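Engineer: fold the following for me, if possible:
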Amino acid sequence: MRAIEFREYGDPEVLKVVRADVPEPGPGQVSIDVAYAGVNFADLKARAEGYRVGSLPYVPGLEVSGRIRAVGEGVEGLRPGQEVAALTSGGAYAEVAVTEAATVFPLPEGVDLRTGATLPTVLPTAHALLHEVGRLRAGESVLVHGAAGGVGTVAGQLARAAGAGAVYGVVSSTAKAGYALKYGYDEVFVGDSFADEVRRATGGRGVDLVLDPVGGDTLRRGLDALAVFGRLVSFGNASGAQPWQVGQPELYAEGRSVGGFSILALAVSAPDALRSLAERAFRTVTEGVVELPVTAEFPLSEAAAAHTLMGGRTSTGKLLLRVSDDPEGSH
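Structural biologist: Presented below is the predicted three-dimensional model:
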C-alpha cells in the first residue's frame, strides 16, 4: 500500500510517499480501507517537532473515513465493508489504517465519506469545549480563537444553536474574519487586541466562556477578557510557548476557572466517554445543526502541499487528503 511518512523532522518536504506492508488488526482493533484522511495542526507539530511521535520513521494522521477492511479478535458491533469514521493514534496518511475499535464510529445516516472524514476530531472537540468542559448556558457569551479553522467553524455554529447570547471570534487576518462570519459569529476580531475588543463589545463586562487553542500570551489575555465567574478552556498550544500556569491570583478575585481538553488524551484515558461524546456530537450533523465545510482537498501524494497551506496560516475550514482513487465508489 501507499503511505506518507517522514524519517526526520523538518519542513513539509520531509513527507514522502512510500510503499508499506498492509497492517493487520490486533485484538480489539480494526483495519480500515481509507477513503479520506483529515489534516490537523497536530500533524504539522508531529512532522516539525516530534509531537506524539514514538519513533521514526512515522506515518502521521489522526482521523480517517473509509470502509472496514478487517476486525481483530474480540471486536463486536463492527463488520467488514461498513462505512466508518475513526480517530487514530497515528498512521492515517495511508491506504490502510489500523486503530482501536473503541474509536471507530459507524457513519451517521446521510453522511458521505468525504464529510465523514471531518467528524472524528473537530466535532467532538467543539462539542466538549462548549458543553462538557465549558458548561455553556443559554444567553451566555463565547469567544473562540481560531474562529475560521475546523474547530472554530463548528464551535460558532454549535454555540449559536445552544442559544448563546453573543458569539465572538478571533482570527489572524481580515480574510479569515469574513469567512468566520458565515458560521455563527456575531463579530470577529483580528489580531492580538481581542481583549480590548471584547470589553468594547460587551460594555466592559467580558465574556462568559473563552475557547483557546493557542496558549502562551493569548491564553493570558483571554483570562483578562473573562467576565466575573467566566471560564476559559484550553485545547492546544499552537503558539509553542512554555506550558502555561494559572493559580489563585488570576482566579480567586472574580471566581474564574480554567479547564482543558484533548480528544487524543480522552481517547486513551476514557474511550467510553469519547464514544458517548462523539455520538452526541455527530447527531448535530444528521439533525442539520452543523455544516462541516471542506475548503481544500489534496490527493495523498500531495500531503506536503496540504501541510504548507495549513502552516501558512491562510487556510480556513477543514483540509482533507483524498486517499482512495474512488473514495465514494461501492465495493
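Engineer: the residue lying closest to Ala48 once chain neighbours are set aside: how many residues sit nearby?
Structural biologist: Ranked by CB to CB, 6 or more residues apart in numbering and with sequence neighbours excluded, the top spatial neighbour of Ala48 is Tyr9, at 6.1 Å. Using the backbone N, CA and C atoms, a C-beta is placed for each residue, glycine as well. As a burial measure, Tyr9 scores 15 neighbours (other CB atoms under 10 Å).
Engineer: let me see the contact set for Tyr9.
Structural biologist: Going by CB atoms under 8 Å, 6 or more residues apart in numbering, Tyr9 touches 47-50.
Engineer: any stretches of the stretch 201-331 of the chain with poor pLDDT?
Structural biologist: 326, 329-331 (pLDDT under 70).
Engineer: before we move on, back to that, so which of the contacts of Tyr9 are in helices?
Structural biologist: 47-49 (DSSP state H).
Engineer: surely Gly230 meets Thr202?
Structural biologist: No - with contact defined as CB atoms under 8 Å, Gly230 and Thr202 do not form a contacting pair (10.8 Å).
Engineer: tell me which of those two has more neighbours.
Structural biologist: Set side by side, Gly230 and Thr202 show more neighbours around Gly230, with 23 against 18, by other CB under 10 Å.
Engineer: in CSV, list the C-alpha atoms belonging to whichever strand or helix holds the more buried one.
Structural biologist: Secondary structure from DSSP states H and E places Gly230 in strand 226-234. C-alpha atoms of strand 226-234 as CSV (Å, rounded to 0.1, in the frame of the first residue of the first chain):
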residue,chain,number,x,y,z
LEU,A,226,-13.4,36.9,31.0
ALA,A,227,-16.5,38.2,32.9
VAL,A,228,-17.0,37.5,36.6
PHE,A,229,-17.4,33.7,37.0
GLY,A,230,-16.1,33.2,33.5
ARG,A,231,-14.5,30.0,32.2
LEU,A,232,-11.5,29.5,29.9
VAL,A,233,-11.0,26.2,28.2
SER,A,234,-7.5,25.4,26.8
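Engineer: and that strand, how far out from the chain middle?
Structural biologist: Offset of strand 226-234 from its chain centre (CA atoms, centre = their mean, to the nearest Å): 21 Å.
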